[in-house]
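Colleague: sequence and predicted model, in that order:
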Amino acid sequence: MKSIEELKKIREQTLKNINLRKEDGGDTTRIVVGMATCGIAAGARPVLAACVDEVSKRSLAHVSVTQTGCIGVCRLEPIVEIFVPGEEKVTYVKMDEEKARRVIHEHIVNHKVVTELTIGANE
Amino acid sequence: MELVRSHILVCAGTGCHSSKSDDIIENLNKWIAEEKMDKEARVIKTGCFGICALGPIVVVYPEGAFYSRVKPSDAEEIVKEHIVKGRLVTRLLYDETKKAESISSINDTNFYKHQMRIALRNCGIINPEYIDEYIAFEGYSALARALTEQTPQEIIDILTKSGLRGRGGAGFPTGRKWQFAHDAPGDIKYVACNADEGDPGAFMDRSVLEGDPHSVVEAMILAGYAIGANQGYVYIRAEYPIAVERLRIAIKQAKEYGFLGDNIFGTGFQFDLEIRLGAGAFVCGEETALITSIEGNRGEPRPRPPFPAVKGLFGKPTLLNNVETYANIPWILQNGWEAFDKIGTEKSKGTKIFALGGKIVNTGLVEVPMGTTLRTVVEDIGGGCPGGKKFKAAQTGGPSGGCIPASHIDTPIDYESLAAIGSMMGSGGLIIMDEDNCMVDIARYFLDFTVEESCGKCTPCRIGTKRMCQLLDKIVEGHGTMEDISLLEDLCGHLAQNSLCALGQTAPNPVLSTLHYFRDEYEAHVREKRCPAGICKNLLTYSINDKCIGCTACVRVCPTGAISGKVKEKHVIDPAKCIKCNACMEKCKFSAIEKG
């Protein structure tokens, strides 16, 4: 250990990994992937993996990736819902890896809802 | 370490470890591999969550699901349900956190909401065997700043202003202690850590070392810098194998990262740390005996002064603090003395960890702000006595402390208030007693302990504790006289005044305080030959009342054949044969057995 900078670097790198253990201060954005049998059969597993990977690559703090059961519109699976604190939830449907990465980039990083992928645009 | 979406934290403190938490970890890993979840979830072993009564504890993040009393066989369900399908395993959730469809935060439960964690800030959150996680939670940043920006005197001033006092029990101001060691003349000085936690029922220091060893390592390096020492020793008892192992790992990692060794943070400051194992003698928790033991001699105390700050290890100025005291220091330096000064009472600042044990629902480890009342700790956090029994007294400070009776349950817990009612803060063991505990028996138990642990160097302690114990034996056996009680009081004074070290000086405290608050119980033993709590065997007689229906269950369970009678008729106990084992009373379904 030569300097405080090195210490900071270790801290930032590790923090990224353990942020999910911190008490939710109400400012966490949740990415929820539908992972019931219908979701998994439609390919939710790689979508979830892509979400985790993207959050990691971009070092996004206060973002958690979780899963949930069947949302009820099995024909539109894989479904990903984004809960930004203080905003209405957005439901994305018929997701794949590529779309998931795009949603994280545009919706979470740039705060722009990807309208064409939402449930409204697909109904 | 790759990012995953879920962390499964498993408590690996001594309590949960002995209820097989290592098997849980193994099974979780096995099922995670089986379900191909290894890219998504990771198992992390961590330190004590505090609520040991509900162990083993498993917490799954990001949901923060708090699973209690988990068995190794539950691992499969946790992985298949929670990790794979995202469904909570409701049957394992801690009752208080259960809600209709979701869970509430563990921090809102009665056990946690009154607590404030400073010394235990990382316990149950980080992996104690992985230095990066300690660093992620601001670890070693206080050291970095101190070494590069602050002078030793500035650090000592911060500690002095924070009002931190020794957590080993006596409550000496830590800043002043550091100042003495800093001001003592000499080229070679030492830093030492007292991890020889010997009170029956106390396990605060063990849990800190098991859950967050780096906080102690960092504080000791800071101490070295502040007083001008280059070598430190941690004196820890060999009965704490997990704590010793984690500390060893922590020291190794700190060396690899260059926090220990030469030229720390490129400042030229050099510091090394070594572990010294104690053989578990209670007297070695006394500072001069501890120092003698580190030097390789038999652990016996010596008179003070000179105090260790002037003449300690190998005759050099030595700074000796307790584990919990050290664990507070990095926090104070990160957050400033003002933040610490705000917590607690006027003269007792910060928080104190207590090991809750005895007749209490939530056995475990709690950290509360100084000045919290005993009632909050016992009733709100501890959940009261099991079985709805009445709280009778709490013993603080183990064999050196005294009891706090139920009438003083609203006493705020701080150094001065406890001393005022004849007890002491002690290192933090808090043993709860209910109406079924005999206070004379409790006093005898502690005296028995000090007789065993007296090192024998000075006469008042060696012979005094023995004589006191004999007198107490006489009383609980039913041969005591009123003169014995006054002789006992007399001896208490002699021991307190004439013993060489704190072991003998404080040995009479359990007797003095029980005599003060529960004199009627002593007198009942002596005058009426009766034990009001029904504990002292020699004073008990068992008899059978008219509720007996003659089911013969007691006859079959009695080991000495003391019970006789015909089927469907009332039975009788022969007192000459009865050994008062209580087996009949436990067996009887009709409350027909009486003792008194």
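Modeller: Looks like it arrived, so ask away. Numbering: from 1, shown residues only, chains lettered A, B, ... in the order given.
Colleague: please look at B:Thr411 and B:Ile404 and confirm they touch.
Modeller: Yes: judged on Cβ atoms under 8 Å, B:Thr411 makes contact with B:Ile404 at a distance of 6.3 Å. Every C-beta, even on glycine, is put in place using the N, C-alpha and C of the backbone.
Colleague: of those two, give the one with the bigger neighbour count.
Modeller: Between B:Thr411 and B:Ile404, B:Ile404 has the larger neighbour count (other Cβ atoms under 10 Å in any protein chain shown), namely 24 against 18.
Colleague: phi, psi of that one?
Modeller: According to degrees, to the nearest 10, the main-chain angles of B:Ile404 amount to phi -110, psi 120.
Colleague: sec struct for residue 31, please.
Modeller: No chain specified, so I'll use chain A. Classification of A:Ile31 using DSSP: H, G, I helix; E, B strand; the rest coil returns strand.
Colleague: show me the contacts for it.
Modeller: A:Cys51, A:Val55, A:Val63, A:Ser64, A:Val65, A:Thr66, A:Val80, A:Glu81, A:Ile82, A:Ile104, A:Ile108 (Cβ atoms under 8 Å, 6 or more residues apart in numbering or on different chains).
Colleague: for the residue in the stretch 301-450 of chain B that chain A sits nearest to, which non-adjacent residue is spatially closest?
Modeller: At 12.4 Å from chain A, B:Gln334 is the closest residue in the stretch 301-450 of chain B, using Cβ to the nearest Cβ. Excluding its sequence neighbours, the residue lying closest to B:Gln334 (Cβ to Cβ, 6 or more residues apart in numbering or on different chains) is B:Ala142, at 4.9 Å.
Colleague: ok but the one you found is inside a helix, no?
Modeller: Yes: if the criterion is three-state DSSP, then B:Ala142 is within a helix.
Colleague: so it makes contact with B:Asn335?
Modeller: No: with contact defined as Cβ under 8 Å, B:Ala142 does not count as touching B:Asn335 (9.3 Å).
Colleague: okay, the two: which has more neighbours?
Modeller: Using other Cβ under 10 Å as the criterion, B:Ala142 and B:Asn335 rank with B:Ala142 on top: 24 against 15.
Colleague: B:Val526 contacts B:Gly480, correct?
Modeller: Yes: contact criterion Cβ under 8 Å: B:Val526 and B:Gly480 qualify, at 4.4 Å.
Colleague: what's the distance between A:Ala41 and B:Tyr233?
Modeller: Note on A:Ala41: its distance to B:Tyr233, by Cβ to Cβ, to the nearest Å, is 61 Å.
Colleague: how close does the residue of the stretch 301-450 of chain B closest to chain A get to B:Ser141?
Modeller: Distance, B:Gln334 to B:Ser141, using Cβ to Cβ: 6 Å.
Colleague: just checking, what packs against whichever strand or helix holds A:Lys9?
Modeller: Per DSSP states H and E: A:Lys9 is located in helix A:4-18. Counting contacts by 3 or more Cβ pairs under 8 Å, 6 or more residues apart in numbering or on different chains; DSSP states H and E, helix A:4-18 packs against helix B:131-136, helix B:141-149.
Colleague: and that helix, what's buried?
Modeller: Of the residues in helix A:4-18, A:Ile4, A:Leu7, A:Ile10, A:Arg11, A:Thr14, A:Leu15, A:Lys16, A:Asn17, A:Ile18 count as buried by neighbour count, 16 or more other Cβ atoms under 10 Å in any protein chain shown.
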